[in-house]
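K.L.:
what's the 3D shape of this:
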Amino acid sequence: MSAQAVPINIGNTAFMLICASLVMLMTPGLAFFYGGLVARKNVLTIMIQSFVSLGWTTVLWFAFGYSMSFGPTWHGIVGNPTSYAFLRGVTLQTMFTGNDAGIPLVVHIAYQMMFAIITPALITGAFANRVTFKAYFLFLTGWLVFVYFPFVHMLWSPDGLFAKWGVLDFAGGIVVHNTAGFAALASVLFIGRRTVVENKPHNVPLIALGTGLLWFGWYGFNAGSELRVDAVTASAFLNTDIAASFAAITWLFVEWGAGRQPKFVGLLTGAVAGLATITPAAGYVSPTTAVVFGIVSGIICYYAVALKNRLRWDDALDVWGVHGVGGMLGIVLLGVFASKAWNPNGADGLLLGGAAFFGKQCVAVAVSSVWAFAFTYGMLWLISKITQTKVDPSAEERGLDVELHGEEAYPLGV
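P.N.:
Okay, the predicted model is just below:
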């Protein structure tokens, strides 16, 4: 990434700015999605956690996050944190050189920043209703620095360890969903169960609004990850919708068969599971394969959530079952179904003779799962030594909105 080498492509630049805007919209969408799922006395607490990430992650990204993610490599694991610190050396003439799409570097910085914002916000659904705000703020900072930024570098920087090895992750199956999902599981096991367990959503229309914003933003999330406009961009867009739709309907039917009622929340959760699962593969597989991704994710993620319930893991908003399992499933299925016919810059999966590629995908997902889980667990232990991590039972009973923030979503009982 250096001085201008190719002229600015207006079409690609405009498209990427739109995609960055769409991905930004996903974080408020997530806030609405999670806000509808929790009890009314905890709505603002879960929502502020997403919006704090919107602000604080931007500060870290500007200061050193982009540099750690895409700067000159340190052994393929992380970028030099000072190379682009405070965007040092970045001007109007500095072009992104990861491809020949002709987009300014500032566009790439903005687009990738939106991914960084939403990823740790996903984890908040796991420990909803029981973590102090100070502990969350420390968690957000440490997790970005020691999990998210390194995995972005390893997978999406040309000098990254996994990238050079040949691992593929089109839009964040490992970088976003798998790491967030297994961090969520570690959070659940360390923090423990809620004293006051209220699993009935307080506002299903709010969940639907959030899902709609997430689904809409996901087109920028996946199609934008081609970092230019071409046929792969279009196929990634279509694959995103196909997988989400088939997963939503599959989850609906599976839950309907198990409980004899079609559940709206189940339909919405299934759509998110399908979106998470197709994310790593959106630009590497055919639309027909996206159907397989959607159906399989609708079934597997549904039963992952059921398993979590049987094991009494208090993952309040099913982050592990939807994002962790979905991201892991998408990476593995990509190792099976990837096709160079749908992306010449990709790979051929197991079905086309790519046994080595399949093995690499499995190793990468195992390493990312173990690291995200182990580091998160250790970091929460350290945070608990610095400040109170879990709120008092009396605070849970009263509600965290009033207890932690002195505000109410429904002050008049509306």
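
K.L.:
host element of residue 82?
P.N.:
Residue 82 belongs to no helix or strand when assigned by DSSP states H and E.

K.L.:
okay, buried residues for stretch 349-358 please.
P.N.:
349-350, 354, 357-358 (16 or more other Cβ atoms under 10 Å). The way it works is simple: take the backbone N, C-alpha and C, and place the C-beta from them, glycine included.

K.L.:
need the residues that contact that stretch.
P.N.:
Under the contact criterion Cβ atoms under 8 Å, 6 or more residues apart in numbering, stretch 349-358 has outside partners 166, 168, 334-340, 347-348.

K.L.:
quick one: mean pLDDT for stretch 118-136?
P.N.:
On average, the pLDDT along stretch 118-136 is 97.

K.L.:
list the buried residues for that stretch?
P.N.:
118-132, 135-136.

K.L.:
also stretch 330-342?
P.N.:
330-339, 342.

K.L.:
hmm, back to that, ok, so of the buried residues of stretch 349-358, who is nearest residue 249?
P.N.:
Distance ranking of these against residue 249, using Cβ to Cβ, places residue 349 first at 25.2 Å.

K.L.:
mark which of the buried residues of stretch 330-342 are part of helices, please.
P.N.:
Secondary structure defined by DSSP state H assigns 330-337 of the buried residues of stretch 330-342 to helices.

K.L.:
using a markdown table, lay out these together with distance to residue 101.
P.N.:
Below are those laid out as a markdown table (distance: Cβ to Cβ, whole Å):
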| residue | distance to residue 101 |
| --- | --- |
| 330 | 25 |
| 331 | 25 |
| 332 | 30 |
| 333 | 28 |
| 334 | 23 |
| 335 | 27 |
| 336 | 29 |
| 337 | 26 |
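
K.L.:
could I get the residues you listed as a markdown table with distance to residue 405 and pLDDT?
P.N.:
Output for those, formatted as a markdown table (distance: Cβ to Cβ, whole Å; pLDDT from 0 to 100):
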| residue | distance to residue 405 | pLDDT |
| --- | --- | --- |
| 330 | 36 | 98 |
| 331 | 37 | 98 |
| 332 | 40 | 98 |
| 333 | 41 | 98 |
| 334 | 41 | 98 |
| 335 | 44 | 98 |
| 336 | 46 | 98 |
| 337 | 46 | 98 |
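
K.L.:
out of these, flag the one nearest to residue 67.
P.N.:
Taking Cβ to Cβ as the measure, residue 67 lies nearest residue 331 of those, at 26.4 Å.

K.L.:
you'd agree the closest one is up against residue 175?
P.N.:
No: Residue 331 is beyond contact range of residue 175, at 10.3 Å (criterion: Cβ atoms under 8 Å).

K.L.:
joint contacts of those two?
P.N.:
In contact with both residue 331 and residue 175: residue 169, using Cβ under 8 Å, 6+ apart.

K.L.:
what residues are up against the spatially closest residue to residue 371 that is not a sequence neighbour?
P.N.:
Nearest residue to residue 371 in three dimensions, chain neighbours excluded: residue 147, at 7.0 Å (Cβ to Cβ, 6 or more residues apart in numbering). Residue 147 is in contact with 179, 183, 371-372, 375-376, counting by Cβ under 8 Å, 6+ apart.
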